[in-house]
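Asks: Based on what follows, work out the 3D shape:
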Amino acid sequence: MTQINPYLNFNGNCREAMRFYRECLGGELTFQTIGDSPIADQVANEAKDRILHAGLTQKGHLLLMGSDMMGASLVVGNSVTLSINCSREEDIRLFFSKLAVGGQIKEPLADMCWGALFGSLTDKFGLNWVLNYNK
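Replies: Numbering: from 1, shown residues only. Modelled structure (predicted):
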């Protein structure tokens, strides 16, 4: 089955952001720094602790990837909306409440005309999220 997996770009705070998302969503988090990669010799020493690739997986269903590699051209949050389709009402309520900490709720969780519980928010890193649970 084909999947779309979001890839988030950061400008030096990938590790912090991905740890936050793990706290919100659970799962296993892995990091590869630039300094531990084959391109380590091609970058300045101050960039070696930056994240080349991060992956957050949960029960084989959630894959969220991230990197610090975008640099100065990054415009945070305006080009990515992350959508989570939850399989349980408990999950949507937990994920929504945790992602909202320090952020801004755009649409509180509410029953929608398509038969789902739905809400949207911008998290404390400026990323936009929509969460959906089909009842």
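
Asks: now the helices for this protein?
Replies: Along the chain, counting by DSSP state H, helices occupy 14-25, 89-100.

Asks: Which one, of those, ends up nearest to S67?
Replies: S67 lies closest, by CB to CB, to one member of the helices of the chain: helix 14-25, at 6.1 Å. Any C-beta I mention is one placed from the backbone N, CA and C, and that applies to glycine too.

Asks: And the closest residue to F10 other than its chain neighbours, how far from T33?
Replies: Nearest residue to F10 in three dimensions, chain neighbours excluded: D68, at 5.3 Å (CB to CB, 6 or more residues apart in numbering). According to CB to CB, to the nearest Å, D68 and T33 sit 9 Å apart.

Asks: Same drill for those two, tell me which one is more crowded.
Replies: Using other CB atoms under 10 Å as the criterion, D68 and T33 rank with D68 on top: 23 against 18.

Asks: I'd say that one and A17 touch.
Replies: No. Counting by CB atoms under 8 Å, D68 stays clear of A17, with 9.7 Å between them.
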